[in-house]
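>>> pasting a predicted model and its sequence here:
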Amino acid sequence: MSVENGLLALAGFDPATLSRDFRTRLHPLVEAADERGPLLEECCGAYNHRLLRFCTMLTVERSKVSSQCSACRESMDVEIFVTKLLETRAGDRNAEVSVGASIFRLPRMADLGAIESGPDAEPIILQLARICRIRGLEPIGEDLVDALSSAFDTADPAAAIKLDHACTQCGHRALVSVQVELLVANAATQASTRLLQDIDAIASAYGWSEPQIMTLPPERRGRYVEIITARIGAR
Ligand SMILES: [Zn+2]
């Protein structure tokens, strides 16, 4: 599947829901674009990095997240630069961390998919401990839970990317969490809409079908759109 055909398949989906259907369409797109294998086998930080690099491939360099100042309660839009987010180091999927007498590998995206939720489910970190343990037999007790969480965080900081931000009203500094999947979903949806608009412009001007227009190299398609736009502007 080409990246562009994948983008077309996103048309009509609401990125904000991050539904399973949406991810099922988004993941093959990223995998086709960077050719680095299945996304779900990545540890969480490397997954975030691949999504962010995909953003830059779509020429989306910046975005915004809404947040609220914890000191003065002012709502604010925090501007985000994708390259800045990529400065947060991603872990190695084969890295090992040791806690107590046990060795663990880093949680991967597929592991998160296997986590059980619901009122009777075990805490997530205990489920991850069971899934990710490589060596060591001692049960992970409550006393080691915090140590394991922070060992995972230290080994894979990009799993949860946070930005240091100062409130524009009161100057209070705080860390703002960045939802990378949502950022990328929005970028991909915008790219999908731009592509549809280009197809619409060319189809309206020349009467060509969508499949015919999609066989044009992107640069030539862009040139046609420029010509059409110039002609409309000249009228
Ligand atoms: Zn404030």
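That came through fine.
>>> and the residue nearest to the spatial centre of the chain, what element?
Nearest to the mean C-alpha position of the chain, by Cα atoms, centre = their mean, lies Glu181 at 3.0 Å. Using DSSP states H and E, the element containing Glu181 is helix 180-206.
>>> list the buried ones in that helix?
Using 16 or more other Cβ atoms under 10 Å as the test for burial, helix 180-206 gives 180-181, 183-192, 195-196, 198-199, 201-202. From N, CA and C alone the C-beta is placed, and that goes for glycine too.
>>> over to stretch 149-163?
151-152, 155-161, 163.
>>> centre of the chain to stretch 157-166, how far?
Centroid separation between stretch 157-166 and its chain, computed with Cα atoms, centre = their mean, to the nearest Å, is 14 Å.
>>> and the pLDDT at Trp208?
With respect to pLDDT, Trp208 has a value of 97.
>>> wait, what's in contact with it?
Trp208 makes contacts with Ile202, as judged by Cβ atoms under 8 Å, 6 or more residues apart in numbering.
>>> neighbouring strands - and their directions - for the helix or strand of the chain with the lowest mean pLDDT?
Ranked by mean pLDDT, DSSP states H and E, the helix or strand of the chain with the weakest confidence is strand 62-68, at a mean of 86. Counting by DSSP bridges, the strands paired with strand 62-68 are strand 75-81 (antiparallel).
>>> in CSV, could you pull the C-alpha coordinates for whatever helix or strand comes next after the partner strand?
Counting by DSSP H and E, the next helix or strand C-terminal to strand 75-81 is helix 82-85. C-alpha atoms of helix 82-85 as CSV (Å, rounded to 0.1, in the frame of the first residue of the first chain):
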residue,chain,number,x,y,z
VAL,A,82,7.8,17.9,16.5
THR,A,83,11.6,18.0,16.3
LYS,A,84,11.8,19.2,19.9
LEU,A,85,9.7,16.1,21.0
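>>> helices or strands up against helix 82-85?
Packing partners of helix 82-85 (3 or more Cβ pairs under 8 Å, 6 or more residues apart in numbering; DSSP states H and E): helix 44-57.
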